[in-house]
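**Q** kindly return the folded structure for what I paste below:
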Amino acid sequence: MRFTYSSIQTRQEDGVLFATLDAGPLNLLGVELVRDLVSLVDVLYTDPGDVRVVVVESASPEFFSAHVDLTAVPQYTAEAAKAGGPGDASLGMFLYKLAHVPVITIAKVRGRARGGGNELALACDMIFAVRENAIFGQFESGTGALPGAGGVQHLARRLGRTRAIEVIAGADDFDAELAERYGWINRAMPDAELDGFVERLAKRIAGFPPEGVKAAKRAINNLTLPDQANVRSDSAMFLGLVSLPETRERLDYLASRGLHTPGELERDLGKAVAEFR
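**A** Residues are numbered from 1 along each chain as shown. Okay, here's the model as predicted:
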């Protein structure tokens with residue numbers, strides 16, 4: 001019963017923990033979900049038992065995770081701080097810890113993964129997504145901010161300089177096929193094939209000697225993941241930019257049109273951030 005949470009459904013099978021985000025229709029990264037993710041990651045570091053692989057997915061077919069709860073930034077930041085102490089009080093530093101967790105992590109994406117939701121997926125070791133409706137995006141520049149929880153760091157490394165600038169400064173949505181072509185995700189595949197593929201891969205890895213898998217992950221992380229200082233800098237910049245009057249004006253405008261609620265704006269947020277009036 002170690003893996004019991006209010007906003008994450010869990011089941012274990014053959015060394016694999018399936019963690020299903022279930023924090024409302026949008027899976028906003030707010031107080032409850034961040035608290036549960038921090039608890040989950042803490043157990044994976046301290047007492048994972050026979051868990052060798054974690055698959056992160058969503059109970060919602062429309063939203064893997066829409067973004068952070070922009071009405072509760074100080075509150076979810078306080079929860080994220082519990083992962084590393086007040087000196088690392090940011091979602092970015094919590095996701096940095098997730099990226100280094102001593103098991104393999106796989107994000108299985110249906111629906112939208114934007115902003116902090118995309119950064120959660122990027123903190124996992126692999127991302128697989130459905131062709132039919134998976135959407136990825138970092139919309140922050142469209143409001144006057146920037147990705148503050150690892151998006152800049154991961155996308156610059158995965159996509160290269162020019163495509164990272166396109167994605168982050170352009171603040172638009174990218175479907176799974178284009179995300180795959182850009183190197184953002186591992187693979188895009190038909191919805192009917194996603195569950196079986198991810199489960200087979202997860203159980204395959206979970207069946208290998210764990211020390212070799214851990215060593216492989218550590219070696220690759222050492223070559224590819226950002227330094228803590230870079231993540232801290234992005235987090236501080238995000239918190240500063242999101243408090244600026246122009247950014248607040250744009251966020252308030254989006255809120256008046258339906259931000260944080262299921263509907264047309266959240267489905268097409270990449271389009272909506274360019275329609276400020």
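
**Q** looks to me like residue 129 is in a strand.
**A** Yes: per DSSP: H, G, I helix; E, B strand; the rest coil, residue 129 lies within a strand segment.

**Q** distance-wise, check residue 39 relative to residue 65.
**A** 17 Å (Cβ to Cβ, to the nearest Å). (Each C-beta comes from the backbone N, C-alpha and C, glycine too.)

**Q** nearest residue to the residue nearest in space to the middle of the chain other than its sequence neighbours?
**A** Geometric centre of the chain, nearest residue: residue 120, 1.4 Å, by Cα atoms, centre = their mean. Distance criterion Cβ to Cβ, 6 or more residues apart in numbering; nearest residue to residue 120, sequence neighbours excluded, is residue 65 at 5.7 Å.

**Q** in contact with residue 47, which residues?
**A** With contact taken as Cβ atoms under 8 Å, 6 or more residues apart in numbering, residue 47 is in contact with residue 2.

**Q** show me where the stretch 151-277 of the chain has strands.
**A** With DSSP state E, counting those that start in this stretch as the criterion, the stretch 151-277 of the chain has strands at 173-175, 187-189.

**Q** what lines up beside the first one in the sheet?
**A** Same thing as strand 173-175. Partner strands and pairing direction for strand 173-175 (DSSP bridges) are strand 135-137 (antiparallel).

**Q** cool, and the last one?
**A** Here strand 187-189 has these sheet partners by DSSP bridges: strand 126-130 (parallel).

**Q** which residues are in contact with the partner strand?
**A** So strand 126-130 is contacted by 104-110, 113, 121, 136, 176, 179-180, 184-191, 194, 197-198 (Cβ under 8 Å, 6+ apart).

**Q** repeat the analysis, applying 7 Å as the threshold.
**A** Contact with strand 126-130 is made by 106-110, 121, 176, 185-189, 191, 194, 197-198, as judged by Cβ atoms under 7 Å, 6 or more residues apart in numbering.

**Q** which one (most neighbours) among those?
**A** Top of the contacts of strand 126-130 by neighbour number is residue 109, holding 29 neighbours under the definition other Cβ atoms under 10 Å.

**Q** state the distance from that one to residue 101.
**A** Counting by Cβ to Cβ, the separation of residue 109 from residue 101 is 19 Å.

**Q** just residue 6 next, same as before
**A** The value you get for residue 6 to residue 101, if Cβ to Cβ is used, is 21 Å.

**Q** neighbour-wise, which of the two wins?
**A** The neighbour count for residue 6 versus residue 101, taken as other Cβ under 10 Å, is higher for residue 101 (20 against 11).

**Q** quick one: residues contacting that one.
**A** Counting by Cβ under 7 Å, 6+ apart, the residues that residue 101 touches are 41, 44-45.

**Q** surely the residue nearest to residue 120 is in contact with residue 29?
**A** Yes: if you go by Cβ atoms under 7 Å, residue 65 and residue 29 touch, sitting 6.0 Å apart.

**Q** from the contacts of strand 126-130, pick the one nearest residue 49.
**A** Distances from residue 49 to the contacts of strand 126-130, taken as Cβ to Cβ, are shortest for residue 106 (18.3 Å).

**Q** quick one on the thing from earlier: among the contacts of residue 101, which ones are buried?
**A** Neighbour-count burial (16 or more other Cβ atoms under 10 Å) applied to those gives 41, 44.

**Q** show me what the residue nearest to residue 120 is bridged to.
**A** residue 113.

**Q** isn't residue 156 right up against residue 164?
**A** Yes: counting by Cβ under 7 Å, residue 156 does reach residue 164; the two are 4.3 Å apart.

**Q** settle it for me: which of those two has more neighbours?
**A** Shown here are residue 156 and residue 164; by other Cβ under 10 Å, residue 164 has more neighbours (21 against 17).

**Q** the more buried one and residue 122, how far apart?
**A** According to Cβ to Cβ, residue 164 stands 12 Å off from residue 122.

**Q** what ranges do the helices span in the stretch 151-277 of the chain?
**A** 151-159, 161-170, 176-182, 191-206, 210-224, 228-241, 245-256, 264-267, 269-272 (DSSP state H, counting those that start in this stretch).
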